[in-house]
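the sequence and its predicted three-dimensional model are supplied below.
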Amino acid sequence: MNDMRKQWLQKVVTICLAGVLLGGCAEKKVDYQLEKGQTNQEKNTDTGSLEKLKTAEKWNDTWTLKDAAGEKVDVSIDADVTVPDVESMSVVEAIQTPMDATFKEQILKAFFQESDIYYYDIPHRSKEELEQEITSQEKMIQIHEENLEKVTNEDTKEYVNDNLDEAKKMLEQCQKALLTASDTRTKAESYAACNEYLGFINEIPYYVYFSTDEIPEVHIQMGYPYDTISASDDAPETLKDKSHVNFYSDTDTSGAPITEKKTDTELENTCSISQKDAKAQAEQLLTKMGLGEKVCTSQSPILWDGYNDTDSADEESDLETVPYGYFFRFGTGVNNIAFSSFGMATDYILAGNGASAAGIPNELSDDIRVYVTDKGVISIDILNPITVTKVTNQVEILPLSTIQELMKNEVSEHPEKYDFKEYRYMTDMELIYFPVRDKENSSKLSYLPVWRLSSQHYINPVLINGIDGSVIYLDDLLS
């Protein structure tokens with residue numbers, strides 16, 4: 001990751017999604033010989049139908065088993081049975097889109113249409129752009145050095161020091177590039193080597209960055225990378241006189257509403273277009289980029305904070321918050337169910353055992369965030385782009401009673417895989433979409449119907465493939 005990207009990432013919240021290396025097959029037929037003589041010959045009346053499951057009774061059960069230490073543990077299940085609000089489940093096959101020259105060109109030309117596209121990595125910037133960047137970095141260095149004199153907390157001091165080091169590196173790179181810089185920008189002709197670009201829409205600059213790190217990502221923003229928003233054209237008119245302006249959605253990284261700001265009156269969205277029209281703009285752009293057929297997982301207003309510098313920390317801030325524009329989040333899915341909403345996203349971070357759950361890269365789910373105002377799309381983040389290649393609808397799901405017996409057998413026979421000493425109360429039974437990576441081709445994925453029995457917040461899950469009854473272990477996901 002280059003230095004510019006590291007600095008930009010300090011301003012955003014990143015998500016960490018999980019991956020798994022186990023799988024099943026929609027066409028696989030397995031005859032499970034279960035306790036009490038039950039087999040999987042029992043079928044749902046309608047192939048792939050979820051109607052019976054939607055009216056399934058709560059699963060109440062208690063039994064005693066021996067844990068990994070050989071001690072007896074009473075396991076209690078008091079779980080509602082939850083299924084997606086669809087007629088049937090599907091199997092979705094997909095590939096992780098390579099961040100190659102073809103993909104970059106597709107994204108850039110869809111966004112800028114007929115407008116010229118320029119390289120914008122440091123070696124290709126014009127003299128004027130480098131001089132502006134040098135001025136910006138010198139100011140940042142001054143601010144960081146002043147902050148270092150004020151802070152006493154060691155963690156905060158380390159954070160400020162890191163920012164200071166990054167600014168100094170950036171300054172040094174720009175000063176070196178300035179020695180051989182051209183007076184004009186360089187038009188992009190090939191998209192293989194460069195990852196930073198600049199273009200203009202209605203004379204407004206847009207910066208585009210492609211990350212080829214462990215988590216592939218595309219970032220598009222209105223303005224130059226280090227413009228203050230108040231100095232560009234995307235801020236609300238009422239905040240243009242503020243020295244600092246920041247924008248964000250009023251949902252957290254999982255799409256749930258965050259705590260509302262305290263305001264004297266209920267604030268109305270000042271954007272001149274409706275949320276419906278803004279969403280249509282976002283969807284149209286994603287289709288042009290080859291990222292269509294995505295499911296919207298959340299939508300909310302964009303909140304803008306504007307404030308001026310104060311001379312003292314004790315001085316009351318003149319912070320003003322304005323709702324302006326709309327934020328949309330999209331992900332790969334099927335039948336209007338996004339995998340990031342049903343069984344993906346942060347679920348398995350919450351379910352992780354210990355520190356092994358931290359820092360897992362997003363390998364098996366995508367996340368697209370689009371910010372729209374009446375000026376158009378002002379920012380896009382595309383994390384781990386995924387392309388669907390095949391959808392098999394109305395797959396047959398094993399009967400619920402079969403799944404329940406398989407789960408009881410699993411935890412009784414492999415207690416070392418679960419923590420029933422700490423989490424013996426199972427409260428959630430859900431049919432979700434779970435990701436599977438092809439063992440022979442790691443870029444290929446399948447999303448399968450999987451049953452998950454777990455404690456609250458998805459902790460200590462028991463995972464059973466809803467098609468063939470195979471067991472999926474979370475430890476393999478986290479290893």
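Cool, got the structure.

all contacts plus neighbour counts: C-alpha atoms, from now on.
Will do.

pull out the buried residues from stretch 318-333.
Judged by neighbour count using 16 or more other C-alpha atoms under 10 Å, the buried positions of stretch 318-333 are 321-333.

same question for stretch 168-187.
168, 170-171, 173-175, 177-178, 181, 185.

ok, the residues you listed vs Cys194, which is closest?
Arg185 (14.1 Å; C-alpha to C-alpha).

follow-up on the earlier one: can you list the buried residues of stretch 168-187 in JSON lines and add pLDDT and distance to Asp67?
Converted to JSON lines, the buried residues of stretch 168-187 look like this (pLDDT from 0 to 100; distance: C-alpha to C-alpha, whole Å):
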{"residue": "Lys168", "pLDDT": "96", "distance to Asp67": "55"}
{"residue": "Met170", "pLDDT": "94", "distance to Asp67": "55"}
{"residue": "Leu171", "pLDDT": "96", "distance to Asp67": "59"}
{"residue": "Gln173", "pLDDT": "96", "distance to Asp67": "58"}
{"residue": "Cys174", "pLDDT": "96", "distance to Asp67": "61"}
{"residue": "Gln175", "pLDDT": "97", "distance to Asp67": "63"}
{"residue": "Ala177", "pLDDT": "96", "distance to Asp67": "63"}
{"residue": "Leu178", "pLDDT": "96", "distance to Asp67": "66"}
{"residue": "Ala181", "pLDDT": "96", "distance to Asp67": "68"}
{"residue": "Arg185", "pLDDT": "94", "distance to Asp67": "67"}
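
confidence score at Ser312?
pLDDT recorded at Ser312 is 50.

do Val218 as well
Per-residue pLDDT puts Val218 at 95.

helices or strands next to the helix or strand hosting it in the packing?
Taking DSSP states H and E as the criterion, Val218 maps to strand 217-222. Here strand 217-222 touches strand 204-211, strand 376-383, going by 3 or more C-alpha pairs under 8 Å, 6 or more residues apart in numbering; DSSP states H and E.

tell me the contacts of the most centrally placed residue in the chain?
Of all residues in the chain, the one closest to the mean position by C-alpha atoms, centre = their mean is Asp367, 3.9 Å from it. By C-alpha atoms under 8 Å, 6 or more residues apart in numbering, the contact set of Asp367 is 329-332, 340, 381-385.

also Gln175?
By C-alpha under 8 Å, 6+ apart, the contact list for Gln175 reads 130, 134.

quick one: it is in a helix?
Yes: assessed with DSSP: H, G, I helix; E, B strand; the rest coil, Gln175 lies in a helix.

how much space between it and Ile215?
30 Å (C-alpha to C-alpha, to the nearest Å).

check Asp67 too.
From Asp67 over to Ile215 the distance is 38 Å, taken as C-alpha to C-alpha.

got it, and Tyr307?
34 Å.

where does the stretch 51-200 of the chain have low pLDDT?
Within the stretch 51-200 of the chain, no range satisfies pLDDT under 70.

now do the strands in it.
Ranges of strands within the stretch 51-200 of the chain are 59-66, 72-82, 91-96, 117-119, 196-201, based on DSSP state E, counting those that start in this stretch.

relative to Ile220, which of those strands is closest?
Ile220 sits nearest to strand 196-201 of all these, at 9.4 Å, using C-alpha to C-alpha.

and that closest one, what's buried?
196-200.

what would those look like in a markdown table with distance to Ser446?
Formatted as a markdown table, these follow (distance: C-alpha to C-alpha, whole Å):
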| residue | distance to Ser446 |
| --- | --- |
| Glu196 | 32 |
| Tyr197 | 33 |
| Leu198 | 36 |
| Gly199 | 36 |
| Phe200 | 38 |
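
closest to Tyr119 among those residues?
Using C-alpha to C-alpha, Tyr197 is the member of the buried residues of strand 196-201 that lies nearest Tyr119, at 4.6 Å.

look up how far Gly70 lies from that closest one.
61 Å.

also Val395?
Val395 is 40 Å from Gly70, where distance means C-alpha to C-alpha.

more neighbours: which of those two?
Taking neighbours as other C-alpha atoms under 10 Å, Val395 and Gly70 compare with Val395 leading, 19 against 10.

am I right that that one is in contact with Leu50?
No: Val395 is not in contact with Leu50 according to C-alpha atoms under 8 Å; the separation is 10.5 Å.

what do the two both touch?
With C-alpha under 8 Å, 6+ apart as the test, Val395 and Leu50 both reach 88-89.

and the buried residues of stretch 168-187 as a markdown table, adding distance to Lys408?
Shown next, in a markdown table, are the buried residues of stretch 168-187 (distance: C-alpha to C-alpha, whole Å):
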| residue | distance to Lys408 |
| --- | --- |
| Lys168 | 59 |
| Met170 | 58 |
| Leu171 | 61 |
| Gln173 | 61 |
| Cys174 | 63 |
| Gln175 | 66 |
| Ala177 | 65 |
| Leu178 | 68 |
| Ala181 | 69 |
| Arg185 | 66 |
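
now for the residues you listed, which pair is the farthest apart?
Taking C-alpha to C-alpha as the measure, those span a maximum distance of 24.4 Å, between Lys168 and Arg185.

please enumerate the helices of the chain.
3-9, 51-54, 101-112, 127-150, 154-178, 275-288, 347-350, 400-413, 474-478 (DSSP state H).

mind checking which of these is nearest Pro435?
Closest to Pro435 of these, according to C-alpha to C-alpha: helix 474-478, at 10.1 Å.

what's the domain layout of this structure?
Domain assignment for the chain by automatic domain parsing gives 3-17+98-121+187-258+275-386, 35-93+391-478, 126-184.

no more questions from me, cheers.
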